[in-house]
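1. predicted model, plus sequence, below.
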Amino acid sequence: MTRTGSTAALSRGTLYLAALSLSLGWGVRGNWGHEFGAMIPGTLAAMAASLLTGREDWRRRVAYFAFFGALGWSFGGSMSYGIVLGYTHSASWPSVLYGFACLFVIGFLWGAIGGAGTALPAFLDRERLTELFYPLGAVFLAWTVQFLAFEGGWLTEEAFNWYDTDWVAALLAVIAVVTLGLIRGRFCFGSNLILCMAAGWWLAFLLLVVGLEIRMTPPRGDNWAGCLGMTLALLAFLWRKGLSPVVFAALVTAFFAGFGFSTAELIKLLGVSTGIVANWHSVMEQTFGLISGIGVAVAMIYLSKRLPAVPDEPPIRYWTEIFSLGFVLLVIPFLNIRKNVESVWLPNHVIPVEMFGLSAAGWFNLAYLIIAGTVTALIIRHQKHPLSVVPATWLGKGQALFLVFLWWIVIGNLSRYLPFEPGRLITEGVIHVNACLCTLLVLTWPMEMEFVPQKKFPRFGLVNFMAIVVGFAVCLGAVWGQAWSTMQVLKEPTWGYHYRFDDAQMMKWFEQWRDTILKQWDKNREEADPGGLKQNENALPE
């Protein structure tokens with residue numbers, strides 16, 4: 001079902017669906033966690049942007065949007081922030097301010113790479129977009145071997161623990177891409193992009209963590225440094241390659257996500273201070289997703305009205321669309337739902353440990369393999385003889401992909417919490433309502449008209465500069481205000497608190513700094529006016 005209307009309505013629909021999708025996805029992500037969990041909100045928000053902006057060329061690429069949105073948002077899942085949240089619970093001004101500042105940094109880095117991934121299919125021509133899949137495939141293969149080696153017990157993570165970071169994955173990415181380049185005899189756009197990001201990861205990690213020993217949240221991992229290096233390298237690479245609109249999307253999403261993370265934490269602490277017993281952590285996560293989703297929508301709405309069309313004819317490397325579709329429908333749900341077996345179903349005795357000599361995990365993998373084989377067979381069959389159940393339009397196909405992925409994830413998440421408890425209503429209950437709203441929006445809001453960009457292509461150099469200046473000014477003020485507000489409501493540390501700094505030592509350092517400044521001030525004044533002669537000359541006679 002579609003409707004007609006104004007471009008303003010398109011913008012509102014994109015805003016609503018992207019915000020709710022990322023909020024829902026982040027609520028689910030909080031249950032599964034890490035990089036795999038972070039793919040879920042990225043996938044949903046990117047599809048929302050491609051379907052509701054009215055751009056037929058973007059609807060044609062909905063599988064690419066979903067794929068690259070998932071990859072972009074996944075990187076931030078490597079950063080640890082549990083103890084950072086604890087700093088804001090401490091009721092100690094230095095630790096609280098530090099905690100909110102770090103939450104902004106983590107959210108900024110998360111949103112920057114996520115925003116860039118979401119915007120890539122909106123600007124890259126098909127040649128460069130699809131060529132990315134060769135180096136990505138090499139990296140995925142290397143990471144799969146790493147995953148199987150650790151999961152199978154052939155290697156232990158403790159033996160490769162270096163500040164609890166993903167240095168092995170960063171190294172394998174370099175090896176995989178360099179090997180592919182040597183085999184192919186050239187390094188394509190995608191290979192150079194991955195090498196640039198990996199180099200940024202290593203430079204920042206070695207300089208900040210290993211060299212300067214700057215630890216954001218000891219003793220937890222320091223992937224934040226690698227993500228900082230990746231983000232700076234990514235932005236520099238995109239700018240150098242003339243992809244300034246993608247830089248714009250990355251910056252806008254980054255500032256919204258940074259502001260969203262710190263603001264969501266403040267809302268959580270305000271809720272905790274009321275004494276009402278609720279899952280306030282989930283409130284924080286879903287609020288963070290909501291504000292970050294607004295950032296995705298703002299960036300993509302702005303670009304949708306200005307970027308030229310991206311043609312897909314002829315559809316070279318058509319297999320990349322099938323790969324993206326399979327990754328979204330099969331790989332992302334599998335990587336997340338499989339965690340239910342060991343973490344929930346077995347401890348709660350939902351399923352037996354073993355059946356007919358095969359472990360519970362083995363049965364799950366077998367069942368999922370049958371599902372994957374069925375879906376793959378149907379996709380192959382559809383390429384030769386279209387299935388009647390598959391919509392004829394790109395909008396219809398995108399809506400179907402969105403809904404199948406959405407409800408597969410929602411039901412998989414709900415299965416973690418059976419039998420259900422009242423305390424889960426604020427999480428799974430809100431997720432269920434959000435999923436219903438997203439279903440209504442994605443099916444009823446898209447319009448029959450194809451929106452054609454009519455606004456002038458801007459000077460993105462100036463636009464990006466203004467985004468940086470305004471973004472940092474607003475967010476720095478917000479962080480200070482959030483820390484101050486927290487100190488007003490938290491009179492003593494609350495549950496899960498941590499101290500980053502020792503208050504007594506901080507006061508001692510402050511007094512030493514103040515005394516040094518005052519002594520230097522007196523020294524400078526004495527040198528400028530020895531013996532106070534000028535003051536005596538200006539004194540009034542008695």
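-> Sure thing, it's come through.

2. how near is the most centrally placed residue in the chain to Met300?
-> The centre of the chain sits closest to Trp73, judged by CA atoms, centre = their mean, with a distance of 3.4 Å. In this view, Trp73 and Met300 are 14 Å apart by CB to CB, to the nearest Å. Glycine gets a C-beta too; all of them are placed from N, C-alpha and C.

3. is it fair to say the residue nearest to the centre of the chain lies in a strand?
-> No - under DSSP: H, G, I helix; E, B strand; the rest coil, Trp73 falls outside any strand and is assigned helix.

4. list the contacts of it.
-> Contacts for Trp73 (CB atoms under 8 Å, 6 or more residues apart in numbering) come out as Ala38, Met39, Pro41, Gly42, Ala45, Trp110, Ile113, Gly114, Gly117.

5. give me that answer again for 7 Å
-> Ala38, Met39, Pro41, Gly42, Gly114, Gly117 (CB atoms under 7 Å, 6 or more residues apart in numbering).

6. tell me what the helix or strand where the first one lies is packed against?
-> Just to be clear, that refers to Ala38. With elements taken from DSSP states H and E, the one containing Ala38 is helix 34-52. Using 3 or more CB pairs under 7 Å, 6 or more residues apart in numbering; DSSP states H and E, the elements in contact with helix 34-52 are helix 7-32, helix 56-60, helix 62-74, helix 93-123, helix 280-304, helix 332-337, helix 394-414.

7. dump the ones you listed to JSON lines, plus mean pLDDT and distance to Gln512.
-> Output for these, formatted as JSON lines (pLDDT from 0 to 100; distance: least, CB to CB, whole Å):
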{"stretch": "helix 7-32", "mean pLDDT": "87", "distance to Gln512": "42"}
{"stretch": "helix 56-60", "mean pLDDT": "92", "distance to Gln512": "58"}
{"stretch": "helix 62-74", "mean pLDDT": "96", "distance to Gln512": "44"}
{"stretch": "helix 93-123", "mean pLDDT": "95", "distance to Gln512": "15"}
{"stretch": "helix 280-304", "mean pLDDT": "93", "distance to Gln512": "37"}
{"stretch": "helix 332-337", "mean pLDDT": "94", "distance to Gln512": "51"}
{"stretch": "helix 394-414", "mean pLDDT": "94", "distance to Gln512": "52"}
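
8. give me whichever of these is most buried.
-> Ranked by mean neighbour count, these are led by helix 62-74 with a mean of 28 (mean count of other CB atoms under 10 Å).

9. return the distance of the helix or strand just after it from the chain's centre.
-> Remark: after helix 62-74, the chain's next helix or strand is helix 82-88, criterion DSSP H and E. Relative to the centre of its chain, helix 82-88 is centred 19 Å away, using CA atoms, centre = their mean, to the nearest Å.

10. ok, stretch 344-361 next?
-> Centroid separation between stretch 344-361 and its chain, computed with CA atoms, centre = their mean, is 33 Å.

11. can you get me the start-to-end distance on it?
-> 12 Å (CA to CA, to the nearest Å).

12. find the nearest non-adjacent residue to the residue nearest to the centre of the chain, please.
-> Gly42 (2.8 Å; CB to CB, 6 or more residues apart in numbering).

13. contacts only, for that neighbour.
-> Residues in contact with Gly42 (CB under 7 Å, 6+ apart) are Gly69, Ala70, Gly72, Trp73, Ser74, Gly114, Gly117.

14. for Phe460, same thing?
-> By CB under 7 Å, 6+ apart, the contact list for Phe460 reads Ser244, Pro245, Phe248.

15. pretty sure the first one sits against Val463.
-> No - here Ser244 does not reach Val463: they are 8.1 Å apart, not a contact under CB atoms under 7 Å.

16. excluding sequence neighbours, find me the nearest residue to Met300.
-> Ala49 (3.9 Å).
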